[in-house]
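**Student:** how would this look folded up:
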Amino acid sequence: MDDRTTKYEDTLAKMIQKETVSTGCDPTDPKFIEFRDMLEEWFPNIFASCEVKMFPDGLVLHWKGKDSNRDPVIFMNHHDVVEASGKWTHEPFSGDIDGEKIWGRGTLDDKGGLWAMFQAADELATEGFAPSRDIWFSSASTEETTGKGADEISQWFLEKGIRFDMCFDEGGMILYNPIGGADGTFAMIGVGEKGCADLKFIARSKGGHASAPPKNTPLVRLGRFMTAVERSSVFQSELSPTVCELFKRFAPYMGKFEPFMKAPERFAPILKKVIPAMSATAGAMLRTTVAFTMAQGSGGTNVIPQEAWVVGNMRFSHHQGREASFKAIERIAKRYDIEMEVLDPGFQSGIADFDGPAFKLVERAVKEIFPGVDPVPYIMTGASDARYFDRVCSQCIRFLPFRVSDEQLDSIHGIDECLDLNTLTKAVDYYKFMMREV
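**Tutor:** Model (predicted):
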């Protein structure tokens, strides 16, 4: 193991060992404050070079550049993590290192990215580097829950009249064969993300004893409703310009499907049917989706509920949008005498230009640091803090410079989350390239 990796793994392990689970916690809990204080100890040079502002749910650093008249850029990675239940091969907050991997909750989502970002900046600051323009850094402690930290921080920038030329947050990673059939290695670079909303669907009745059940009780109606949503084409499918560009970049690796992928606009009706069957992730980029995640009936095994409900987590597409997606599923609900309540309307994200300077910069960095990896734009189906920064930046890019396996990708929010040690130096070099070139 080289000296850089040995140094890097030690710092990242310490970050993993600081448990910062935000689910069910107050982000002003002392553990978050302690973690933010420790960042200055781990990365002293960049903190000494920056003005630091603490927020209740996060922090920002301002690194002044040579030309403050140019629009600044911002780099982001959050520091909260999700809970770590289940049986792990290595304890989730151990930061164990086995010679090949570093293990623990947050290695990929998102302390690994936070570490690489600050490590790169710290090394540049040590070298006496001054950025060509102002660089800001932001890290919040609520990305996995409410998003309140990024919301507050972006509002602060808005009130200060600070707009960013480019914003770089966590997001897609480097994957082999990301959609099934694309026989190559790709840097999945998010140029936007679907909106995320929570909806409650309520079925009511007079209730009664389970010994004499009437037809169409609340749970039966909810079951039929959920089946109808899953089986029918509730939402509009569309190949957006971003998805078309993604398919075109995959095309040379798609074998017999290459002609279709090279001309997605021409073969759109076919691709709309084939792509969801090939990959649920790719299919989710074509339309609004709903996953039913919570349910409740009566309080007794022999009681027909007067009220039963399910919660659906909706990821609404850019082309159909939030309101039209709400109306589409509400029409289905009404067929089964079910009411819809909006628990959380979500936040609509913009889409960055894959021909714009922010994406092109990431593209250059990937080609420089990861030879043989093809950069590809895509729409994220998950949520990130960057959605709030659309109010102060039109070019928000979402990418983490880590090469991961399918198993590692599945470990995010699952068990045995880990990061390959041989990715650490390249991740730092990626961020250093970005900071030098902005």
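**Student:** Helix, strand, or coil at Leu286?
**Tutor:** Look at Leu286: counting by DSSP: H, G, I helix; E, B strand; the rest coil, its state is coil.
**Student:** mean confidence for stretch 205-216?
**Tutor:** The average pLDDT for stretch 205-216 rounds to 93.
**Student:** Could you do stretch 369-389 as well?
**Tutor:** Stretch 369-389 shows a mean pLDDT of 96.
**Student:** Can you give me the end-to-end span of that stretch?
**Tutor:** 27 Å (C-alpha to C-alpha, to the nearest Å).
**Student:** Check which residues of that stretch are buried.
**Tutor:** 369-370, 373-389 (16 or more other C-beta atoms under 10 Å). C-beta here means a position set from N, CA and C on the backbone, and glycine is covered the same way.
**Student:** for stretch 207-218, same thing?
**Tutor:** Judged by neighbour count using 16+ other C-beta under 10 Å, the buried positions of stretch 207-218 are 217-218.
**Student:** what does stretch 145-158 give?
**Tutor:** In stretch 145-158, counting by 16+ other C-beta under 10 Å, buried: 145, 147-154, 157.
**Student:** do the same with stretch 35-47
**Tutor:** Across stretch 35-47, burial judged by 16+ other C-beta under 10 Å covers 35-36, 39, 42-43, 45-47.
**Student:** circling back: any chance of JSON lines for the buried residues of stretch 145-158, columns pLDDT, distance to Met435 and secondary structure?
**Tutor:** Output for the buried residues of stretch 145-158, formatted as JSON lines (pLDDT from 0 to 100; distance: C-beta to C-beta, whole Å; DSSP: H, G, I helix; E, B strand; the rest coil):
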{"residue": "Thr145", "pLDDT": "92", "distance to Met435": "29", "secondary structure": "coil"}
{"residue": "Gly147", "pLDDT": "93", "distance to Met435": "26", "secondary structure": "coil"}
{"residue": "Lys148", "pLDDT": "94", "distance to Met435": "28", "secondary structure": "helix"}
{"residue": "Gly149", "pLDDT": "96", "distance to Met435": "23", "secondary structure": "helix"}
{"residue": "Ala150", "pLDDT": "97", "distance to Met435": "21", "secondary structure": "helix"}
{"residue": "Asp151", "pLDDT": "96", "distance to Met435": "26", "secondary structure": "helix"}
{"residue": "Glu152", "pLDDT": "97", "distance to Met435": "25", "secondary structure": "helix"}
{"residue": "Ile153", "pLDDT": "98", "distance to Met435": "20", "secondary structure": "helix"}
{"residue": "Ser154", "pLDDT": "98", "distance to Met435": "21", "secondary structure": "helix"}
{"residue": "Phe157", "pLDDT": "98", "distance to Met435": "19", "secondary structure": "helix"}
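**Student:** of all these, which comes closest to Pro72?
**Tutor:** Phe157 (9.6 Å; C-beta to C-beta).
**Student:** Look up the closest residue to that closest one, ignoring the ones flanking it.
**Tutor:** Among residues not flanking Phe157 along the chain, Val392 sits closest, at 4.7 Å (C-beta to C-beta, 6 or more residues apart in numbering).
**Student:** next SSE after the one helix or strand Leu361 maps to?
**Tutor:** For Leu361, the host element (DSSP states H and E) is helix 357-369. The helix or strand immediately downstream of helix 357-369 is strand 374-380, counting by DSSP H and E.
**Student:** list the helices and strands that next one packs on?
**Tutor:** Where contact means 3 or more C-beta pairs under 8 Å, 6 or more residues apart in numbering; DSSP states H and E, strand 374-380 is packed against strand 166-176, strand 185-193, helix 241-250, helix 357-369.
**Student:** Need the residues that contact that strand.
**Tutor:** Outside strand 374-380, the residues that touch it by C-beta atoms under 8 Å, 6 or more residues apart in numbering are 171-172, 184-194, 240, 242-243, 245-246, 249-250, 285, 318, 351, 354, 359, 362-363, 366-367, 398.
**Student:** Show me which of those residues are buried.
**Tutor:** For the contacts of strand 374-380, buried by 16+ other C-beta under 10 Å: 171-172, 184-194, 240, 242-243, 245-246, 249-250, 285, 318, 351, 354, 359, 362-363, 366, 398.
**Student:** Ala212 is nearest to which of the helices and strands packed on strand 374-380?
**Tutor:** strand 185-193 (49.3 Å).
**Student:** Could you tell me how many residues sit around Arg133?
**Tutor:** Arg133 has 17 neighbours, counted by other C-beta atoms under 10 Å.
**Student:** actually Ser132, not the one I typed
**Tutor:** Counted with other C-beta under 10 Å, Ser132 comes out at 14.
**Student:** Just list the residues touching it, thanks.
**Tutor:** 65-67, 70, 438.
**Student:** ok, now Asp134?
**Tutor:** By C-beta under 8 Å, 6+ apart, Asp134 lies in contact with 62-65, 68, 70, 72-73.
**Student:** Can I get the buried part of the residues you listed as one PyMOL selection?
**Tutor:** Those of the contacts of Asp134 that count as buried under 16+ other C-beta under 10 Å are selected in PyMOL with:
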select buried, resi 62+63+65+72+73
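**Student:** Arrange the contacts of Asp134 in TSV, one row each, with distance to Glu417, pLDDT and secondary structure as further columns.
**Tutor:** Output for these, formatted as TSV (distance: C-beta to C-beta, whole Å; pLDDT from 0 to 100; DSSP: H, G, I helix; E, B strand; the rest coil):
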residue	distance to Glu417	pLDDT	secondary structure
His62	32	98	strand
Trp63	30	98	strand
Lys64	36	98	coil
Gly65	35	97	coil
Ser68	39	91	coil
Arg70	38	96	coil
Pro72	33	98	coil
Val73	29	98	strand
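**Student:** Not counting residues beside it along the chain, what's closest to Ile412?
**Tutor:** Closest to Ile412 by C-beta to C-beta, 6+ apart is Asp109, at 4.8 Å.
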